[in-house]
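S.K.: Quick one, structure for this:
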Amino acid sequence: MARFGLIFSSDTYKQSQTKVLQNLAPLKKIYDLVGIILKTYKKVGTNSMNNSKIIVCCHKNALLKQSDSYIPVHVGKALTGEDFGLIGDNTGDNISLKNSSYCELTGMYWAWKNLSGVDFIGLCHYRRYFDFNHYGRKVFPATTIKKGSLDEVNVEIDESSIDFLNRGGVILAKSMHFYTSNYYQYCEWHNGSDIRLLFDLIKRTQEPKYVTAFYKSIFQSNIFHPYNMFIMSWQQFDNYCNWLFPILRMIEEEIDITEYSQYQKRIYGYFAERLLNVYVEAEKYKVKEIPVLMLDDETNLYDKSYVKFFLKRCMRDFAFSVLRYTI
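M.R.: Residues are numbered from 1 along each chain as shown. Reported below is the predicted structural model:
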């Protein structure tokens, strides 16, 4: 059988190569243009976070992270003679006197009423920070670290989270899974009649989407984003505060907490934890969950293996699916 082959001279090969490169030239221009766009997008994304602030709510004189992004605020300062050398939530327009029942919300209110020129705003605690850079144990909602190790930890917001925020998303603390609904979990730890009064108030005063979101998030879900921790755009924050604080003022008039213990008097902070979940559900915000670093020299809340953690969470989800409660 005859064999056939093609023989190219070096000149023919060079001409062919030149032609291919000429044909690819438009594609290279497109590639370069895309590269410029991506670099510009990253630059804009980073610059848009230059005016981001995360409030660190402090009611104790504690070791704090030194960073331009974080603003430590002494919450409840109007109720104490102590001075930690921090900005107090009793300056400017404030509700510092309500700290015993509003908890970290007095710091949140102070930020809302007294900060300006901020693009993104967040809230954390002197012993709870977002773990943006994966120092904690993967999968777990929180990791306990020694207080003295805070200086060794980078808690600056990472670029992927910046991009997420720039696209309109909201960052919340990684969710917990309860064995029962958020409603029954609240009843287990607090006064159940209070949250029923809150739901009645929502039904009387709020748009239907918030009633639906409350029912879905509280009565029909066992997934809960805790601690009132968040990061969102200032516009989202302003809208949220304009919704949240009037509700809390109204429910204050309906609940007498005079005889409550000090723990149960923190009721409006507990309400706000639930209402943050409700609001995000109602507004249909995309949520990015970030685990939490908890500073504690004595207690490790998640001192268990990955297998035990997964099994326990699966058992809770299964129990909730079987014992789903409705009102």
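
S.K.: Now do the strands in the stretch 1-150 of the chain.
M.R.: 52-58, 70-74, 87-88, 120-125, 128-130, 142-145 (DSSP state E, counting those that start in this stretch).

S.K.: The third one packs against which elements?
M.R.: By that I understand strand 87-88. If you count contacts as 3 or more CB pairs under 8 Å, 6 or more residues apart in numbering; DSSP states H and E, strand 87-88 packs onto strand 70-74. Every C-beta, even on glycine, is put in place using the N, C-alpha and C of the backbone.

S.K.: Show the average pLDDT along the strand it packs on.
M.R.: Here strand 70-74 scores 97 as its mean pLDDT.

S.K.: distance of A272 from E104?
M.R.: A272 sits 8 Å away from E104, taking CB to CB, to the nearest Å as the criterion.

S.K.: Need the residues touching each of the two.
M.R.: Contact criterion CB atoms under 8 Å, 6 or more residues apart in numbering; residues shared by A272 and E104: N228.

S.K.: one step back: okay if I get the strands of the stretch 1-150 of the chain as CSV plus distance to Y227 and mean neighbour count?
M.R.: As requested, the strands of the stretch 1-150 of the chain are exported to CSV (distance: least, CB to CB, whole Å; neighbours: other CB atoms under 10 Å):
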stretch, distance to Y227, mean neighbour count
strand 52-58, 10, 24
strand 70-74, 16, 23
strand 87-88, 21, 20
strand 120-125, 7, 24
strand 128-130, 6, 23
strand 142-145, 9, 20
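
S.K.: Tabulate these (TSV), appending distance to Q235.
M.R.: Listed next are the strands of the stretch 1-150 of the chain as TSV, based on distance: least, CB to CB, whole Å:
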stretch	distance to Q235
strand 52-58	13
strand 70-74	19
strand 87-88	23
strand 120-125	10
strand 128-130	21
strand 142-145	29
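
S.K.: closest one to S96 among the ones you listed?
M.R.: strand 87-88 (7.1 Å; CB to CB).

S.K.: mind listing what that closest one pairs with, with the direction of each?
M.R.: Sheet pairing of strand 87-88 (DSSP bridges) gives strand 70-74 (parallel).

S.K.: which stretch among the strands of the stretch 1-150 of the chain comes nearest F245?
M.R.: Judging the strands of the stretch 1-150 of the chain by CB to CB, what sits closest to F245 is strand 120-125, at 14.2 Å.

S.K.: burial measure for the closest residue in space to H225 that isn't next to it in sequence, as a count.
M.R.: Computed as CB to CB, 6 or more residues apart in numbering, the closest residue to H225 that is not its neighbour in sequence is L172, at 4.1 Å. Number of residues near L172 (other CB atoms under 10 Å) recorded here: 23.

S.K.: Does anything pack onto the host helix or strand of L172? Which helices or strands?
M.R.: In the assignment (DSSP states H and E), L172 maps to strand 170-173. Where contact means 3+ CB pairs under 8 Å, 6+ apart, strand 170-173 is packed against strand 128-130, helix 159-166, strand 230-233, helix 267-283, strand 287-290.

S.K.: how about the helices in the stretch 201-327 of the chain?
M.R.: 208-214, 234-252, 267-283, 306-322 (DSSP state H, counting those that start in this stretch).

S.K.: Which of those has the highest mean neighbour count?
M.R.: Among the helices of the stretch 201-327 of the chain, the stretch with the highest mean neighbour count (mean count of other CB atoms under 10 Å) is helix 267-283, at a mean of 22.

S.K.: ok, now how distant is the residue nearest to H225 from I290?
M.R.: 7 Å.

S.K.: again with C124
M.R.: Note on C124: its distance to I290, by CB to CB, is 10 Å.

S.K.: And for L244?
M.R.: In this view, L244 and I290 are 21 Å apart by CB to CB.

S.K.: What of G148?
M.R.: In terms of CB to CB, G148 sits 23 Å off from I290.

S.K.: Tell me which of the two has more neighbours.
M.R.: Neighbours were counted for G148 and for I290 using other CB under 10 Å; I290 has more, 23 against 10.

S.K.: need the contact list for that one.
M.R.: Contacts of I290 (CB under 8 Å, 6+ apart): F130, D131, F132, S161, I171, L172, A173, K174.

S.K.: what does I231 give?
M.R.: Going by CB under 8 Å, 6+ apart, I231 touches S52, I54, F120, I121, G122, L123, F130, I157, S161, L165, V170, I171.

S.K.: bridging residues for the residue nearest to the spatial centre of the chain?
M.R.: Per CA atoms, centre = their mean, the C-alpha nearest to the average position across the chain is that of L172, at 1.9 Å. Counting by DSSP bridges, L172 forms beta bridges with F230, E289.

S.K.: quick one: the residue nearest to G269 when sequence neighbours are not counted from G122, how far?
M.R.: Among residues not flanking G269 along the chain, C103 sits closest, at 3.0 Å (CB to CB, 6+ apart). Applying CB to CB, the value for C103 to G122 is 16 Å.
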